[in-house]
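> Would you be able to build a 3D model of this:
(one chain, ligands or ions: 2)
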Amino acid sequence: MARIPTVYITDFDKDHLEVEPYWDSFYIFSNDAGEASSSDGCGWLGNMEDEPDIPPVKQVVVAICAMEKKSGSKPMKEILTRLEEFEFIRTVIFPEEVILKEPVEKWPLCDCLISFHSKGFPLEKAQAYTDLRKPYIINDLDMQYDLQDRRVVYSTLQREGIELPRFAILDRDSKDPSKRELIEGEDHVEVNGVIFNKPFVEKPVSAEDHNIYIYYPTSAGGGSQRLFRKNTRNSYVQIGSRSSVYSPESRVRKTGSFIYEDFMPTDGTDVKVYTVGPDYAHAEARKSPALDGKVERDSEGKEVRYPVILSNAEKLIARKVCIAFKQTVCGFDLLRANGKSYVCDVNGFSFVKNSSKYYDDCAKILGNMILRELAPTFHIPWAIPFQLDDPPIVPTTFGKMMELRCVVAVIRHGDRTPKQKMKMEVRHPKFFALFAKYDGYKDGHVKLKKPKQLQEVLDIARGLLAEIEQKRADPETEEKKGKLEQLKSVLEM
Ligand SMILES: Nc1ncnc2c1ncn2[C@@H]1O[C@H](COP(=O)(O)OP(=O)(O)OP(=O)(O)O)[C@@H](O)[C@H]1O
Ligand SMILES: [Mg+2]
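Ligands and ions are numbered 1, 2, ... in the order given. So this is what the prediction gives:
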C-alpha cells in the first residue's frame with residue numbers, strides 16, 4: 001500500500017508526520033550522517049570466477065552486536081528483514097556466544113555496527129572491537145556508559161538546555177559531606193540544602209535500577225508508591241499484572257545513592273519517544289506506572305498505547321536527545337506537565353514494538369543513512385532515492401511548509417441498483433382505449449399502478465400475442481412481438 005506523508009511542520013528545514021491510530025512519527029530535517037568510518041569487511045555478491053561477465057555487487061555489511069534477547073527480538077527481526085531489502089546491504093548478527101567468549105579479534109568483520117548495552121553485555125569489548133575495526137557506528141558506545149547513570153543523563157540534559165524535573169543528588173558514596181546531606185521532615189526532604197516537598201520522586205542513581213519510589217504528602221494519606229520493573233524495557237513486570245505497589249512507608253531510603261526530584265503532575269500518562277536519527281521520532285503514550293500500578297492490557301495482553309502528536313517543542317527535544325547522547329536509535333520518556341514537557345528518563349537503544357509503520361520507516365532511515373555514509377567509500381553506485389517524505393514547499397498563510405493534521409473523507413459506495421425500466425412504443429387501438437379510459441387526454445399521460453389497471457395492460461398484451469400466434473395480427477403489431485412478450489413477463493412476475 002502506498003504511504004501517504006501527512007504532516008509537515010513549519011519550524012524546521014524539513015519535518016514530516018504520518019498519522020497512525022496510535023502514534024506520531026515525524027521528520028524534522030534532512031539528516032547528515034555521523035562520523036565516517038569503514039573497514040575491509042565489505043561483502044560481495046556474485047561469483048567472479050564463474051560469471052566473469054556479470055560484475056559483482058558490493059554489499060555493505062551491517063552487524064548487530066547485542067545480547068541475544070535483543071538481537072533476536074521481534075522488532076529487531078522485522079527491521080533487519082527490511083534492511084536486507086536494500087540491494088547493497090547485508091546484515092549479520094554476532095552470536096551472544098562469540099560476543100561473550102571470543103576475543104574481539106575473532107569477531108566477524110563489518111562495515112557498520114549497531115551495538116548497544118543491556119544487562120550482561122560487555123560494553124568494553126564492543127569498544128575494543130570498534131577501535132580495532134573502525135566500523136561506521138549507529139549508536140555511540142562511550143555514551144552508553146553515561147546512559148547507565150541517571151546523574152550523568154540529567155547533567156547532559158541540563159547542559160543541552162533540555163527541560164527536566166528540578167532535582168538534587170544524594171551521593172552516599174561521596175567523600176564530600178556536602179553531597180550526602182539529608183534532612184527529613186514529615187512532608188519534605190532537604191537534599192544538600194535543596195528542599196523537595198511531597199509529592200517527590202526518589203530514583204536510584206543507577207539507570208539499571210528501576211526501584212523508583214514516589215512519596216505522598218500527609219494531606220493525601222502519606223506513604224509511598226513503589227515502582228518496579230524486570231526484564232524487557234517498557235513492560236513492567238507483572239506481579240499480578242502490576243507495575244507498582246503502595247507502601248505505608250513515608251520515610252525515604254537510608255542506604256544507596258538517589259536522585260530526588262519534583263513529582264510532575266501529568267494526566268496520568270507517560271509519553272514514550274523513539275528516535276531514528278535526529279530527524280525522525282515516533283511517540284506513543286502509556287499509563288504511568290506511578291498511577292495505581294495496574295497495567296492496562298488489551299485482549300492480546302499487550303500494554304495499551306494511546307495516540308500522541310508531538311508538539312514542535314517536543315520534536316526539538318527528540319532531536320536534541322538523539323544528538324546529545326549520540327544514539328541514532330534512542331528511546332526516552334517525556335512528562336507533559338504544567339503546559340511543558342520534561343524529560344525524566346533516557347533509555348538509549350530501543351525499538352518501538354508492534355508497529356509495521358515504524359519498522360518500515362526505521363529500516364528505510366537506517367538503510368539510507370548507512371549507504372549515504374558508506375556507498376562512496378565502497379564505490380557502490382547508490383544514489384539517494386527520491387524520498388516520498390520530502391516536504392512539499394508550498395506558500396501558506398503561515399509560512400512555506402504545510403502541516404496536515406488530518407484527512408477527512410466523504411465516501412460513497414460504488415454500486416447502484418439498476419433502473420428496472422422498459423420503454424415500448426404502442427399504436428394499437430386497445431392501448432388508446434385504455435389511455436382514454438383513464439383520462440389520459442386530460443393531462444397527456446396516465447399512471448397505472450393499481451393491480452386491476454395492470455391486469456388490463458397484461459390482458460391487452462396477452463390478447464395481442466394471441467393474435468400474433470394465430471396470425472391475425474397486423475404487421476405493425478407483429479413487429480412488436482418481442483416487446484409484448486417482455487411486457488407480459490414483467491407483469492406476470
Ligand atoms: N519527576 C517525575 N514526576 C512524575 N512522574 C515521574 C517522575 N519521574 C518518573 N516518573 C514516573 O515514573 C516512571 C518511571 O520513571 P523512569 O522512567 O525515570 O524510570 P525507569 O525505571 O528508568 O524507566 P524505564 O522503564 O523507562 O527505563 C515514569 O515513567 C513516570 O511515570
Ligand atoms: Mg522510563
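
> Now Lys106. Nearest residue, chain neighbours left out?
Spatial nearest neighbour of Lys106, chain neighbours left out: Val98 (7.2 Å); criterion: Cβ to Cβ, 6 or more residues apart in numbering. C-betas here are computed from N, CA, C, even on glycine.

> Let me fix that, I meant to ask about Leu487.
Spatial nearest neighbour of Leu487, chain neighbours left out: Ala461 (4.8 Å); criterion: Cβ to Cβ, 6+ apart.

> secondary structure element for the one you found?
helix 451-469 (DSSP states H and E).

> State the pLDDT value of Pro55.
Per-residue confidence (pLDDT) for Pro55: 58.

> swap in Gln59?
95.

> residues in contact with the residue of the chain found nearest ligand 2?
Among all residues of the chain, Asp345 sits closest to ligand 2, at 3.5 Å; criterion: Cβ to the ion. By Cβ atoms under 8 Å, 6 or more residues apart in numbering, the contact set of Asp345 is 153, 207, 332-333.

> so where do the strands sit in the stretch 51-200 of the chain?
57-65, 89-93, 112-115, 136-137, 167-170, 182-184, 188-191, 194-197, 200-204 (DSSP state E, counting those that start in this stretch).

> Columns distance to Met493 and mean neighbour count on top of those strands, output as CSV?
Below are the strands of the stretch 51-200 of the chain laid out as CSV (distance: least, Cβ to Cβ, whole Å; neighbours: other Cβ atoms under 10 Å):
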stretch, distance to Met493, mean neighbour count
strand 57-65, 69, 22
strand 89-93, 67, 20
strand 112-115, 72, 26
strand 136-137, 77, 22
strand 167-170, 84, 21
strand 182-184, 92, 13
strand 188-191, 89, 20
strand 194-197, 85, 16
strand 200-204, 79, 22
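
> Quick one: closest of the ones you listed to Lys442.
Lys442 sits nearest to strand 89-93 of all the strands of the stretch 51-200 of the chain, at 84.6 Å, using Cβ to Cβ.

> got the contact list for that closest one?
43, 45, 59-64, 71-72, 80, 83-84, 108, 110, 367, 370-371.

> hey, C-alpha coordinates of it in CSV?
Coordinates of each C-alpha in strand 89-93 appear next as CSV, following Å, rounded to 0.1, in the frame of the first residue of the first chain:
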residue,chain,number,x,y,z
ILE,A,89,23.2,-4.1,2.4
ARG,A,90,23.8,-7.5,4.1
THR,A,91,23.1,-7.9,7.8
VAL,A,92,24.8,-10.2,10.3
ILE,A,93,24.1,-10.9,13.9
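
> can you give me how far it is from the chain middle?
24 Å (Cα atoms, centre = their mean, to the nearest Å).

> any idea of the mean pLDDT for that strand?
98.

> Run the angle between it and strand 57-65 for me.
On the basis of axes from the mean of the first three to the mean of the last three Cα atoms, to 10 degrees, strand 89-93 is oriented at 30 degrees to strand 57-65.

> Parallel or antiparallel, list what pairs with strand 89-93.
Paired strands of strand 89-93, with direction, are strand 57-65 (parallel) (DSSP bridges).

> does any part of stretch 346-354 sit near ligand 1?
Yes - judged by Cβ under 6 Å from any ligand atom, stretch 346-354 comes into contact with ligand 1 at Asn347.

> Apart from its neighbours in sequence, what residue is nearest the most centrally placed residue in the chain?
Nearest to the mean C-alpha position of the chain, by Cα atoms, centre = their mean, lies Tyr358 at 4.4 Å. Closest residue to Tyr358 apart from its sequence neighbours, by Cβ to Cβ, 6+ apart: Val352 at 4.2 Å.

> and that neighbour, that one's in a strand?
No - under the criterion used here (DSSP: H, G, I helix; E, B strand; the rest coil), Val352 is coil, not part of a strand.

> Next, the residue nearest to Ser73 when sequence neighbours are not counted: phi, psi?
Nearest residue to Ser73, sequence neighbours excluded (Cβ to Cβ, 6+ apart): Phe351, at 7.5 Å. Backbone geometry at Phe351, expressed as degrees, to the nearest 10, gives phi -100, psi 150.

> Would you check that Phe351 makes contact with Lys77?
No - assessed by Cβ atoms under 8 Å, Phe351 is found out of contact with Lys77, at 10.4 Å.

> who does Ser247 bridge with?
Ser224.

> I figured it was touching Phe228, is that so?
No - Ser247 is not in contact with Phe228 according to Cβ under 8 Å; the separation is 11.3 Å.

> Which residue of those two possesses the greater neighbour count?
Phe228 (18 against 12; other Cβ atoms under 10 Å).

> Verify the stated contact: Tyr246 with Gly222.
No - look at Tyr246 against Gly222 with Cβ under 8 Å: they stay out of range, at 10.5 Å.

> follow-up on the earlier one: now do the helix holding Ala461: everything it contacts.
In contact with helix 451-469 (Cβ under 8 Å, 6+ apart) are residues 428, 430-431, 434, 438, 448, 473, 477-478, 480-481, 484-485, 487-488, 491-492.

> So for it, what gets flagged as buried?
456-458, 460-461, 464-465, 467-468 (16 or more other Cβ atoms under 10 Å).

> same check, this time on stretch 311-319
For stretch 311-319, a neighbour-count test (16+ other Cβ under 10 Å) marks 314-319 as buried.

> now do stretch 117-132
Quick answer for stretch 117-132 (16+ other Cβ under 10 Å): 117-118, 121, 123, 125-130.

> So which of those are in helices?
123, 125-130 (DSSP state H).

> got these as TSV, with pLDDT and distance to Ile214 columns?
TSV is the format used below for these (pLDDT from 0 to 100; distance: Cβ to Cβ, whole Å):
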residue	pLDDT	distance to Ile214
Leu123	98	31
Lys125	98	37
Ala126	98	35
Gln127	98	36
Ala128	98	40
Tyr129	98	41
Thr130	98	39
